[in-house]
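In: Fold the following for me, if possible:
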Amino acid sequence: MNSITARFALVLAAVGWGGATTATKYALDGFGPSTLLLVKLAAAALVLWAVLAVRGAPRLTRRGRLAWLGLFEPTLAYGALTLGLAYTTATNAALLGASEACFVVALAAVFLKERIGARSLIGLLLAFVGVLLIEEAFAVSPSFTFGDMIILAGNLAAAIYVILAAKVAPTVDTLSMTAYQFLWGAAMSVPFAVFQWSTGREALPVDVPWQFWAVAVTIGGLGFAGSFLLYNHVIRFIPAGLAGVTLNLVPLFGVLTAIVFLGEDLTVWTFTGGVAVIAGIMMFPSDAGDHGVLRQPGVDGAHSPGSEASTREDDRPRQPDRDLEQSDDTRRRDTRDGERVLEGR
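Out: Take a look at the predicted model:
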């Protein structure tokens, strides 16, 4: 695959993730939030497992760890997105979705003991101001909404997933990990949907018009699973930094599709805040294995120059440990993929 084709495919993945937010907003006219979540996750799981069956599924251990990943994303993250869109605009949801990267940086600093770099700190502050602008916090009458708060909570859940996935991805095939996540996610969403049906808060989807079914299935099959598969295929042919920058276009595509297909308005506050959020996210380092933070010495298996692992018993030349080098390369690649497989809101 040449560079131009790879970049075009990566943009298509960003369009799929960004457009999924707009499509979800539209599909809520036909489905209740819990029902729609179940349909989307089931469709994504079917596509991922079909691809996994064709490619061949490696034997996995500790599947329970993948259940935890599935709980935070897609269940909580996508569930919050779907519910939040019932109370806010697709434009707000798309722009607020960029806040996930801010949560990742903060959580990595707290739980992974990673020091926030100067650029990342500036980016965090800029993105935070952007969120306040989107919510019109500086206006005479601020417009904080219940839906926006749910969206932010979902982004926090997605950020927790990223931190957990960074630990799991080095030992698990990326496609298998994501297939299990969506399988667990679909299974975990069933009780919520059944509860809503049994209490009459949501109707069984037997009378939902076909166009809403088509959109819901497309969100899961193409917007979620398709974008993931496309991204993880083309990431091998382009620099990781370019991939990171391109993924920052996801909120932009979410806004554009909301304006074009839903007729939503783009206020001055929302536009200015969106620019600030995206600019803040682009301040983060683009290194594939970086959360936007600086690793402390000795973290992540790094050895200091004077450590026991880096010293030799003699000065004779020795062959490099190729297995270790390959393991490190695989870890960095898988961690990168694990961090990005579900950034589709």
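
In: Pull up the gap between the closest residue to Asn2 other than its chain neighbours and Leu12, please.
Out: Once flanking residues are discounted, Asn2 sits nearest to Phe237: 7.9 Å by C-beta to C-beta, 6 or more residues apart in numbering. Every residue, glycine included, has its C-beta placed from N, CA and C. For Phe237, the distance to Leu12 equals 14 Å [C-beta to C-beta, to the nearest Å].

In: In this structure Val105 contacts Gly117, no?
Out: No. Checked against C-beta atoms under 8 Å, the pair Val105 and Gly117 is beyond contact range at 9.2 Å.

In: In terms of neighbours, single out the busier of the two.
Out: Neighbour totals were compared for Val105 and Gly117, and Val105 leads with 26 against 17 (other C-beta atoms under 10 Å).

In: same for the helix or strand harbouring the more buried one, what does it pack against?
Out: With secondary structure defined by DSSP states H and E, Val105 is part of helix 99-111. If you count contacts as 3 or more C-beta pairs under 8 Å, 6 or more residues apart in numbering; DSSP states H and E, helix 99-111 packs onto strand 115-116, helix 118-134, helix 146-168, helix 268-282, strand 293-294.

In: quick one, helices of the stretch 201-345 of the chain?
Out: 210-218, 227-234, 240-247, 250-262, 268-282, 322-340 (DSSP state H, counting those that start in this stretch).

In: Quick check: buried residues in the fourth one?
Out: Put plainly, it is helix 250-262. Buried positions in helix 250-262, judged by neighbour count with 16 or more other C-beta atoms under 10 Å: 250-258.

In: which outside residues touch that helix?
Out: Here helix 250-262 makes contact (C-beta atoms under 8 Å, 6 or more residues apart in numbering) with 14-15, 17-19, 21-23, 25-26, 89-91, 93-95, 97-98, 264-266, 274, 277-278, 343-345.

In: so how far is it from its chain's centroid?
Out: Remark: helix 250-262 is offset 17 Å from the chain centroid, using C-alpha atoms, centre = their mean, to the nearest Å.

In: just checking, Ser227 touches Ala13?
Out: Yes. Taking contacts as C-beta under 8 Å, Ser227 lies within contact range of Ala13: 4.3 Å.

In: still on that earlier bit, among the buried residues of helix 250-262, which pair sits farthest apart?
Out: Greatest spatial distance among the buried residues of helix 250-262 (C-beta to C-beta): Val250 and Ala258, at 12.7 Å.

In: what's the weakest-modelled helix or strand in the protein?
Out: In the chain, no helix or strand scores lower on mean pLDDT, DSSP states H and E than strand 293-294, which sits at a mean of 39.

In: In the stretch 51-200 of the chain, where is pLDDT below threshold?
Out: For the stretch 51-200 of the chain, the stretches with pLDDT under 70 are 61, 136-144.
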